[in-house]
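Student: the amino acid sequence is not available; the structure is as follows:
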Ligand SMILES: Cc1ncc(COP(=O)(O)O)c(C=O)c1O
Ligand SMILES: Nc1c(O)cccc1C(=O)C[C@H](N)C(=O)O
């Protein structure tokens, strides 16, 4: 276990420490939940006020042209593309992750018309499974969603599979797929790979093109800090772009939206994956949030994230022997979170939050802690573990008020 001087020294030498100023955090809070909702970027309130008061308030409908609202999704897409290893014109921003699962999955199925199976991970985030199942039922014709545990995934990918929908980092355990290797396996079986990057984008460098992914989706509100309900994104590999006729063929994805023709004709390239009017206020917020990544070396983010994970694991194991680690110890096998299991996980997390350390709980028994290197220090993480140790040692979680389940966990 590192002593206080070592932790201080690590923070002193931290090459990312200056980026903390790009975010606003409440006093007295150690925030370990950036994997659910990112924090408020500095300058956000100013940007939103400007969009509301000047662009909307003064420019009114002229804002679409004068304030560049119509091109805002494409500008935001360019910023996200850099973070996920995608080239120009391959990322579209808008809608929710769930809707983008539908859009990319339906496109993938159409590219493999002779196959009927969508394969996913039994532990995938539920919305991915629900959307895949819903889409299979909508199309009918023998389409089905099949699931397998991660350990059995390679064997489950066979010649009946049209598309494999996987989340790179497991939202509960933090376990991480090897994206390049799994994509190779998927392609070897003649199927297409769709990666959910909700727990990857902004957390560590993602290399979609290098991994040869076919499609990807991800949200804007976790590690990208775009705010609650921020627009999501999707990626389409250039080789598929011209062959896709979107299932959600909305007017914003039309070749000439303002020609108002009755017939649909897809826009050139990635623009065809956009559907309706962009949400300018939340899109502007995401745009501003992404500026926090200007000049950030994502390899340094990864290195610090792994240092923070290692430190947190060591400190929690030293202070709280009754918590069981469920995240891999091996750095390459995890994303940017650390999770522990305890039957009283919910109450423990509520007691911890009451002390200013915010993580979250995932049913049935997971305490989850997100590591966000741009605004967390080694000192924060060590202190969070110490407070958790105190709560466990004093059984401070064992009170009725910590057992009342909130609507949103
Ligand atoms: C892996 C994953 N996919 C999808 C979602 C959510 O989708 P949406 O943004 O549509 O709510 C989440 C979290 O909410 C998630 O963790
Ligand atoms: N999207 C969320 C929401 O609207 C409310 C509460 C939490 C969320 C989340 O993002 C949960 C998250 N995907 C998870 O990994 O659990």
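Tutor: On my side now, so go ahead. Since this is a predicted model, take the numbers as computed values, not measurements. Ligands and ions are numbered 1, 2, ... in the order given.

Student: buried ones in the strand or helix carrying residue 288?
Tutor: Assigned by DSSP states H and E, residue 288 belongs to helix 280-290. Under the neighbour-count criterion of 16 or more other C-beta atoms under 10 Å, helix 280-290 has 280, 282, 283, 284, 285, 286, 287, 288, 289, 290 buried. Backbone N, C-alpha and C define where each C-beta goes, glycine included.

Student: and which of those is nearest ligand 2?
Tutor: Nearest to ligand 2 out of those is residue 282 (C-beta to the nearest ligand atom; 13.1 Å).

Student: which residues touch that closest one?
Tutor: Applying C-beta atoms under 8 Å, 6 or more residues apart in numbering, we find residue 282 in contact with 226, 227, 229, 230, 231.

Student: isn't the second one right next to residue 287, touching?
Tutor: No. Shown here, residue 227 and residue 287 do not form a contact pair, counting by C-beta atoms under 8 Å, at 11.0 Å.

Student: on that earlier part again, the helix holding residue 288 close to ligand 1?
Tutor: No. Using C-beta under 6 Å from any ligand atom, helix 280-290 never reaches ligand 1; the gap is at least 12.2 Å.

Student: give the other helices and strands that the helix or strand hosting residue 109 contacts.
Tutor: Secondary structure assigned from DSSP H and E places residue 109 in helix 97-111. Helix 97-111 is packed against helix 126-139, strand 161-167, strand 192-196, strand 215-218, strand 233-236, with contacts defined by 3 or more C-beta pairs under 8 Å, 6 or more residues apart in numbering; DSSP states H and E.

Student: I'd like these as CSV, with distance to residue 53 appended.
Tutor: CSV is the format used below for the helices and strands packed on helix 97-111 (distance: least, C-beta to C-beta, whole Å):
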stretch, distance to residue 53
helix 126-139, 35
strand 161-167, 39
strand 192-196, 37
strand 215-218, 31
strand 233-236, 28
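
Student: so which of those is nearest ligand 2?
Tutor: helix 126-139 (8.1 Å).

Student: contacting residues for the spatially most central residue of the chain?
Tutor: For the chain, the residue nearest the mean C-alpha position is residue 198 (1.8 Å; C-alpha atoms, centre = their mean). Residues in contact with residue 198 (C-beta under 8 Å, 6+ apart) are 97, 125, 167, 171, 217, 218, 219, 222.

Student: what does the pLDDT read for the residue of the stretch 151-300 of the chain found nearest ligand 1?
Tutor: The minimum distance from the stretch 151-300 of the chain to ligand 1, using C-beta to the nearest ligand atom, falls at residue 198 (3.6 Å). Reading off the confidence values, residue 198 has pLDDT 98.

Student: so what's it closest to, chain neighbours aside?
Tutor: residue 219 (4.8 Å; C-beta to C-beta, 6 or more residues apart in numbering).

Student: just checking, that neighbour touches residue 229?
Tutor: No. The criterion here is C-beta under 8 Å, and residue 219 misses it with residue 229 at 9.2 Å.

Student: so which residues on the stretch 51-200 of the chain come close to ligand 2?
Tutor: Residues of the stretch 51-200 of the chain lying close to ligand 2 (C-beta under 6 Å from any ligand atom) are 125, 171, 198.

Student: dump those to JSON lines, plus distance to residue 268.
Tutor: Shown next, in JSON lines, are those (distance: C-beta to C-beta, whole Å):
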{"residue": "125", "distance to residue 268": "32"}
{"residue": "171", "distance to residue 268": "35"}
{"residue": "198", "distance to residue 268": "28"}
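
Student: which one among these gets closest to residue 155?
Tutor: Comparing these against residue 155 with C-beta to C-beta places residue 125 closest, at 22.5 Å.

Student: which residues touch stretch 54-67?
Tutor: Contacts to stretch 54-67, defined as C-beta under 8 Å, 6+ apart, come from residues 51, 69, 70, 280.

Student: the same query, at a cut-off of 10 Å, please.
Tutor: Stretch 54-67 is contacted from outside by 49-51, 68-72, 277-278, 280-281, 284, using C-beta atoms under 10 Å, 6 or more residues apart in numbering.

Student: filter the residues you listed down to the buried ones.
Tutor: Buried among those (16+ other C-beta under 10 Å): 51, 69, 70, 72, 278, 280, 284.

Student: the first one - that's part of a strand, no?
Tutor: No. Assignment of residue 51 by DSSP: H, G, I helix; E, B strand; the rest coil gives helix, placing it outside any strand.

Student: export the contacts of stretch 54-67 to JSON lines and tack on pLDDT?
Tutor: Shown next, in JSON lines, are the contacts of stretch 54-67 (pLDDT from 0 to 100):
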{"residue": "49", "pLDDT": "98"}
{"residue": "50", "pLDDT": "98"}
{"residue": "51", "pLDDT": "98"}
{"residue": "68", "pLDDT": "98"}
{"residue": "69", "pLDDT": "98"}
{"residue": "70", "pLDDT": "98"}
{"residue": "71", "pLDDT": "97"}
{"residue": "72", "pLDDT": "98"}
{"residue": "277", "pLDDT": "98"}
{"residue": "278", "pLDDT": "98"}
{"residue": "280", "pLDDT": "98"}
{"residue": "281", "pLDDT": "98"}
{"residue": "284", "pLDDT": "98"}
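
Student: between those residues, which is closest to residue 375?
Tutor: Nearest to residue 375 among these is residue 284, at 21.3 Å by C-beta to C-beta.

Student: isn't the closest one up against residue 46?
Tutor: No. Contact criterion C-beta atoms under 10 Å: residue 284 and residue 46 do not qualify, at 11.2 Å.

Student: can you count the residues close to the closest residue to residue 109 other than its chain neighbours?
Tutor: Nearest residue to residue 109, sequence neighbours excluded (C-beta to C-beta, 6+ apart): residue 162, at 5.3 Å. Neighbours of residue 162 under the rule other C-beta atoms under 10 Å: 21.

Student: again with the one 4 residues further on
Tutor: Counted with other C-beta under 10 Å, residues neighbouring residue 166 total 21.

Student: over to the one 4 residues further on?
Tutor: For residue 170, the number of neighbouring residues by other C-beta under 10 Å comes to 24.
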